[in-house]
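Chemist: predicted coordinates and the sequence they were generated for:
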Amino acid sequence: MLYDRWLEIAREFATERALIDVPGGRTWTFAQLARAVDEMGGVSGPVFPQGNSPVFVMELLRGWRDGTLACPVEVGQAHPNLPEFPPEIRHIKMTSGTTGSPRAILFTETQLAADATNIVATMKLSSNAPNLAFISLAHSYGFSNLVTPLLLHGIPLILGGHPLPEIVKSSSKVADRITLPAVPALWRSWSESNAIPPNIYLAISAGAPLSLALETDLLNRWNLKLHNFYGASECGGIAYDRTEVIRSDARIAGTPLSGVSLSVGPGDCLEVQSSAVGRTYWPDADPRLGDGRFQTNDLVEIQSDGVRMLGRAGDQLNLAGRKVLPEVIEEALQQHPQVRQCAIFGIQSSEAERTEIAVAAVVVSSPVSQRDLNRFLLDRLPAWQVPRRWWFLPSLNETTRGKISRRDLRSRYLAETPS
């Protein structure tokens with residue numbers, strides 16, 4: 001199915017540019033890309049596409065051609081030792097492991113294609129505005145927004161290489177208009193470096209929460225609306241901000257993608273229903289995933305303006321016997337003009353075994369005192385929610401996917417700070 005669809009695309013757009021490798025200085029039309037894959041030797045076992053080079057795309061197509069399992073991996077990531085799955089399983093996604101041990105998610109061809117269809121239809125991706133890639137092709141976000149739109153819908157792909165500001169500006173000149181999906185950390189870096197390309201047709205942000213400050217900065221300085229996108233490896237795209245105005249609330253993820261149905265399930269967690277939902281986990285199945293349904297760990301409210309993210313189940317802090325989600329404190333703290341980034345986590349209190357102390361890890365744009373931040377929060381939050389410890393850092397060490405791990409920050413804090 002997937003390879004047959006690719007051959008249709010290659011014939012339909014034969015003479016059009018398909019793949020542009022900026023670092024390598026090479027370009028393939030759809031017909032040339034199809035011929036390059038035809039000339040590759042056969043493969044009988046799983047293929048493991050990696051990196052952000054043309055080889056990733058060709059290796060994936062070779063696997064599709066020969067009917068083998070495909071499992072994209074990050075550069076340097078060990079290839080998982082996969083068993084022989086049922087023949088309908090054709091694709092493996094490896095979870096990031098940010099909320100536990102990494103595990104595999106199994107997909108059929110139909111499920112993989114459905115995610116690309118939902119994304120292309122919802123975002124209105126266009127062959128006249130090629131995708132510019134600086135995010136990982138192996139990660140679910142990059143794979144579904146960059147790779148499958150190229151191979152199944154004819155959306156050209158520009159491989160930009162390293163996301164340095166000067167490279168972003170030069171790579172964007174390859175096409176008259178571009179679609180640029182990235183993570184908040186990259187958008188912030190490019191804006192601060194005056195590297196936002198002027199020919200962006202569509203700007204997408206995913207992988208981590210998008211702050212209103214960053215969204216407003218892009219619109220005010222660059223007249224560029226940054227569209228928030230929310231998804232999960234288990235089901236692909238979930239919600240998307242289709243509007244052209246600043247969201248009224250940073251917690252709004254967007255409205256459901258075309259082909260996706262959302263509801264509030266057990267424990268007030270988001271439930272996703274879609275033909276793009278994966279088959280199951282491996283090695284251990286989980287009743288929360290399967291039969292077209294995925295039960296997330298995200299606490300939500302669903303309102304007329306979209307899905308409002310309230311936090312993750314299990315992340316609640318127990319402060320003086322009262323519960324609060326760290327996102328509540330983070331949202332208030334991010335309103336301070338000197339706070340660029342922040343993360344709230346709890347450590348065990350020495351006063352009572354079952355309660356915690358809130359710690360604020362903060363990155364500021366200019367010096368600000370702990371006292372000033374305390375006063376700022378006391379005007380916005382109950383006193384019991386104000387962090388008792390402050391930890392000023394040069395950065396929060398975001399991952400390449402733009403995520404911040406409270407678990408890792410807590411470990412660093414405990415290792416670096418005297419008890």
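Modeler: Yep, it's here.
Chemist: sketch out the low-pLDDT regions of this structure for me.
Modeler: Low-confidence segments of the chain, defined by pLDDT under 70: 96-102, 350-354, 399-402, 418-419.
Chemist: name the SS class of the most centrally placed residue in it, please.
Modeler: Within the chain, the residue whose C-alpha comes closest to the C-alpha centroid is G207; the distance, by C-alpha atoms, centre = their mean, is 2.5 Å. Reducing the assignment at G207 to three states with DSSP: H, G, I helix; E, B strand; the rest coil gives coil.
Chemist: can you tell me the helix or strand for the residue nearest to L409 when sequence neighbours are not counted?
Modeler: Once its chain neighbours are removed from consideration, L409 has its nearest residue in A361; the separation is 5.2 Å (C-beta to C-beta, 6 or more residues apart in numbering). All C-beta atoms are positioned from the backbone trio N, CA, C, and that covers glycine. Using DSSP states H and E, A361 sits within strand 356-364.
Chemist: next structured bit after that strand?
Modeler: From strand 356-364 onward toward the C-terminus, using DSSP H and E, the following helix or strand is helix 370-378.
Chemist: mind listing what's buried along that following helix?
Modeler: L373, F376, L377 (16 or more other C-beta atoms under 10 Å).
Chemist: list the residues that contact the last one.
Modeler: What that stands for is L377. Residues near L377 by C-beta atoms under 8 Å, 6 or more residues apart in numbering: I329, A332, L333, Q385, V386, P387.
Chemist: could you redo the last one with a cut-off of 10 Å?
Modeler: I329, A332, L333, Q335, H336, A360, A383, Q385, V386, P387 (C-beta atoms under 10 Å, 6 or more residues apart in numbering).
Chemist: strands - which of those residues land there?
Modeler: When those are checked against strands (DSSP state E), the matches are A360.
Chemist: just the buried residues of the contacts of L377.
Modeler: I329, A332, L333, H336, A360, Q385, V386, P387.
Chemist: put together CSV for the contacts of L377, with distance to S275 on each row.
Modeler: Shown next, in CSV, are the contacts of L377 (distance: C-beta to C-beta, whole Å):
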residue, distance to S275
I329, 38
A332, 39
L333, 40
Q335, 40
H336, 44
A360, 42
A383, 49
Q385, 42
V386, 46
P387, 44
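Chemist: ok, the contacts of L377 vs V183, which is closest?
Modeler: Distance to V183 across the contacts of L377 (C-beta to C-beta) is lowest for L333, with 20.7 Å.
Chemist: wait, what's in contact with the residue lying closest to the closest one once chain neighbours are set aside?
Modeler: Sequence neighbours aside, C342 is the residue nearest to L333 in space, at 4.8 Å (criterion: C-beta to C-beta, 6+ apart). By C-beta under 10 Å, 6+ apart, the residues touching C342 are 211, 326, 329-334, 336, 360-364, 373, 387, 390-391, 393, 396, 404.
Chemist: quick check: chain neighbours aside, which residue is closest to R406?
Modeler: Nearest to R406 is F345, by C-beta to C-beta, 6+ apart, at 4.3 Å.
Chemist: just L180 next, same as before
Modeler: L132 (5.0 Å).
Chemist: next structured bit after the helix or strand harbouring the one you found?
Modeler: L132 is part of strand 131-133 when elements are defined by DSSP H and E. Counting by DSSP H and E, the next helix or strand C-terminal to strand 131-133 is helix 140-142.
Chemist: wait, doesn't the residue nearest to the centre of the chain sit right on S233?
Modeler: No: using C-beta atoms under 10 Å, G207 is not in contact with S233, being 11.4 Å away.
Chemist: please name the residues that touch L378.
Modeler: Q385, V386.
Chemist: quick one: it from Q385, how far?
Modeler: From L378 over to Q385 the distance is 10 Å, taken as C-beta to C-beta, to the nearest Å.
Chemist: D408 now?
Modeler: 23 Å.
Chemist: what are the bridge partners for C269, then?
Modeler: Residues in a beta bridge with C269, per DSSP bridges, are L299.
Chemist: right, and it touches T296 too?
Modeler: Yes: using C-beta under 10 Å, C269 is in contact with T296, at 5.6 Å.
Chemist: and for the two, which residues touch both?
Modeler: Counting by C-beta under 10 Å, 6+ apart, the residues touching both C269 and T296 are R288, R312, A313.
Chemist: looking at these, which is nearest V368?
Modeler: Minimum separation from V368 among those (C-beta to C-beta) is found for R312, which lies at 28.2 Å.
Chemist: ramachandran angles for that closest one?
Modeler: The main-chain torsion angles of R312 are listed as degrees, to the nearest 10 and equal phi -110, psi 140.
Chemist: quick check: it touching N297?
Modeler: Yes: the pair R312 and N297 passes the contact test of C-beta under 10 Å, sitting 5.2 Å apart.
Chemist: now flag whichever of the buried residues of helix 370-378 is closest to T27.
Modeler: Taking C-beta to C-beta as the measure, L373 is the one of the buried residues of helix 370-378 closest to T27, at 51.1 Å.
Chemist: who touches that closest one in this structure?
Modeler: Applying C-beta under 10 Å, 6+ apart as the definition, the contact partners of L373 turn out to be L333, H336, Q338, V339, C342, A360, V362, V364, V386, P387, W390, F392.
Chemist: so which of the contacts of C342 are in helices?
Modeler: The helices, defined by DSSP state H, take in P326, I329, E330, E331, A332, L333, L373 from the contacts of C342.
Chemist: surely the fifth one meets V386?
Modeler: Yes: when contacts are counted by C-beta under 10 Å, A332 is listed as touching V386 (9.2 Å).
Chemist: what touches both of those two?
Modeler: Any residue near both A332 and V386 by C-beta under 10 Å, 6+ apart counts here, and that gives F376, L377, R380.
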